[in-house]
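J.: Sequence and predicted structure are below.
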Amino acid sequence: MTQAFRKELDQVERRALLVGAAAAVAAVAGGLADPQQFFRSYLVAWLFWLGLGLGSLAIVMLHRMTGGSWGFAIRRLLESGMRTIPLLALLFVPIAIGMRQLYPWTDEAAVAADLVLLHKSAYLNEKLFLARAALFFLLWIGSAALMLRLSARSDRSGDRKHEKRARLFSGPLVALYGVTMTLAAVDWAMSLEPHWFSTMYGVIFVVGQALSTLAFAIVAASWLGKREPFRRWLAPDHFHDLGNLTFAFLLLWAYTALSQFLIIWSGNLSEETPWYLARTRGGWQAVALSLVLLHFAVPFLLLLWRRIKRDTTLLPYVALLLLAMRYVDVFWLVRPAFRGEGPSVHWLDLAIPVAIGGLWLALFVRGLKGRPLISLQDAHLEAMLEQPKEG
């Protein structure tokens, strides 16, 4: 890493931290004035940024199992993303504090008067909710620490046994991530409407996190690709591979979301359809249509073009569109749970994502500076260097 590039990263880190801190002060002030709105806005923002931290962990483990130069090109980016999981765990504290403002099953009187809530109270109660959250973060932080430790040992020694161990552990840990994130999605989002349930809901979150991470990695890699040492290694083929992988996860997201909709809508059960009715009426239908068009149709058509996937100028704009729509998707999944609230945007809906995002990005950049951006010990280096640099 050149001295000039390190200074540039220092600048990015300071600016992100300053912007995040300023937005956090404004958000706290807004929270004191309107606690209910604060916690609703906070939950959406936190779930979005959580997706980037956990998605980084999932994609790293996926690459450990499958290999490919695309993963080597963004490995350091993803490892920096994994390092933000402890911060995201700390940022869960406001949700724990505000859970009685968010989740109807925390109201003892409401539970006593509702047979469904009473039946689910063995699982949906405050003590188990917090205990599960602690367990989830313990497992995720432990998984990330293991992957980072094996990567660091491989860099230092060049011994292939660390790569083999990482691959060996990645299979079970990916499965563990899938199960725990599914349960976390039930706790933190689906239980906002405890009468409703869907077996596809957690899968939609898991796929969405991978999609968010790939989009962010494309944007970050395109920025780094204009600077040393990435300039010497990143080639159009790497962006083409990342574009293809993003395209695959986009199709998977569409498949899971559509499958859930078709199953629930065709079943036409009174316990299930109100969830979609709340998200397709009262102005929310416009948000749903924007997801169909801008989260799926437009990126789908653009990512069909090989030229766009190999263009380091155009592909990041497609990725930025996907990132923006990922936030809209989380907003659409969560906010209609608070009945009577239309798709209006409160200023806290802007301040809180900036606050969390500034802190997240500052820690992400610090992680990038902590280790070499390119590992000369990586087993895929030779194959990567042989790739053509022109499209």
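T.: Nice, I can see it. Numbering: from 1, shown residues only.
J.: Can you give the distance of stretch 311-330 from its chain's centre?
T.: Here stretch 311-330 is found 13 Å from its chain centre; the criterion is C-alpha atoms, centre = their mean, to the nearest Å.
J.: ok, and the closest non-adjacent residue to Gly20?
T.: Sequence neighbours aside, Gly358 is the residue nearest to Gly20 in space, at 1.9 Å (criterion: C-beta to C-beta, 6 or more residues apart in numbering). The way it works is simple: take the backbone N, C-alpha and C, and place the C-beta from them, glycine included.
J.: Restrict the strand or helix carrying that neighbour to CA atoms and write it as PDB.
T.: When secondary structure is defined by DSSP states H and E, Gly358 falls within helix 348-370. Coordinates of each C-alpha in helix 348-370 appear next as PDB, following Å, rounded to 0.1, in the frame of the first residue of the first chain:
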ATOM      1  CA  LEU A 348     -34.800  10.000  11.300                       C
ATOM      2  CA  ASP A 349     -35.100   7.600   8.400                       C
ATOM      3  CA  LEU A 350     -32.300   9.500   6.800                       C
ATOM      4  CA  ALA A 351     -30.200  10.400   9.800                       C
ATOM      5  CA  ILE A 352     -30.000   7.000  11.500                       C
ATOM      6  CA  PRO A 353     -28.800   5.100   8.400                       C
ATOM      7  CA  VAL A 354     -26.100   7.800   7.900                       C
ATOM      8  CA  ALA A 355     -25.100   7.500  11.600                       C
ATOM      9  CA  ILE A 356     -24.700   3.800  11.500                       C
ATOM     10  CA  GLY A 357     -23.300   3.800   8.000                       C
ATOM     11  CA  GLY A 358     -20.600   6.400   9.000                       C
ATOM     12  CA  LEU A 359     -19.500   4.300  11.900                       C
ATOM     13  CA  TRP A 360     -19.600   1.100   9.900                       C
ATOM     14  CA  LEU A 361     -17.600   2.600   7.000                       C
ATOM     15  CA  ALA A 362     -15.000   4.100   9.300                       C
ATOM     16  CA  LEU A 363     -14.400   0.700  10.900                       C
ATOM     17  CA  PHE A 364     -14.400  -1.000   7.500                       C
ATOM     18  CA  VAL A 365     -11.700   1.300   6.200                       C
ATOM     19  CA  ARG A 366      -9.600   0.800   9.300                       C
ATOM     20  CA  GLY A 367      -9.800  -2.900   8.700                       C
ATOM     21  CA  LEU A 368      -8.500  -2.400   5.100                       C
ATOM     22  CA  LYS A 369      -5.500  -0.500   6.500                       C
ATOM     23  CA  GLY A 370      -4.700  -3.200   9.000                       C
END
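J.: Name the residues of it that are buried.
T.: 348-349, 351-368 (16 or more other C-beta atoms under 10 Å).
J.: can I assume the residue nearest to Gly20 is in contact with Ala27?
T.: No. If you go by C-beta atoms under 8 Å, Gly358 and Ala27 don't touch, sitting 10.9 Å apart.
J.: Show me the common contact partners of those two, please.
T.: In the contact map built from C-beta atoms under 8 Å, 6 or more residues apart in numbering, no residue is linked to both Gly358 and Ala27.
J.: Met190 and Ala288: what is the separation?
T.: Distance, Met190 to Ala288, by C-beta to C-beta, to the nearest Å: 18 Å.
J.: any chance you could map the helices in the stretch 151-300 of the chain?
T.: In order along the chain, the stretch 151-300 of the chain carries the following helices (DSSP state H, counting those that start in this stretch): 160-188, 201-224, 230-233, 236-267, 273-278, 284-290, 298-303.
J.: most neighbours per residue, which of these?
T.: Between the helices of the stretch 151-300 of the chain, helix 201-224 has the highest mean count of neighbours, a mean of 24, where neighbours are mean count of other C-beta atoms under 10 Å.
J.: now it against helix 160-188, angle please.
T.: With axes from the mean of the first three to the mean of the last three C-alpha atoms, to 10 degrees as the basis, helix 201-224 and helix 160-188 are set at 130 degrees to each other.
J.: now helix 201-224 against helix 236-267, angle please.
T.: Counting by the same axes, to 10 degrees, helix 201-224 lies at 160 degrees to helix 236-267.
J.: next one: helix 201-224 to chain centre, how far?
T.: The chain centroid and the centroid of helix 201-224 are separated by 6 Å under C-alpha atoms, centre = their mean.
J.: next one: stretch 251-268
T.: Relative to its parent chain, stretch 251-268 has a centroid offset of 21 Å by C-alpha atoms, centre = their mean.
J.: can you start the count at 50 instead of 1 from here on
T.: Yep, numbering from 50; the last one is stretch 300-317 now.
J.: what's the helix or strand for the residue nearest the centre of the chain?
T.: Taking C-alpha atoms, centre = their mean as the criterion, Gly100 is the residue nearest the geometric centre of the chain, at 1.7 Å. Using DSSP H and E, Gly100 falls within helix 84-115.
J.: quick one: average pLDDT of that helix?
T.: Mean pLDDT, helix 84-115: 96.
J.: Correct me if wrong: Thr322 contacts Ile313.
T.: Yes. In this structure, Thr322 sits in contact with Ile313. The criterion is C-beta under 8 Å, and the distance is 6.3 Å.
J.: burial measure for Arg202, as a count.
T.: A count of nearby residues for Arg202, using other C-beta atoms under 10 Å, gives 17.
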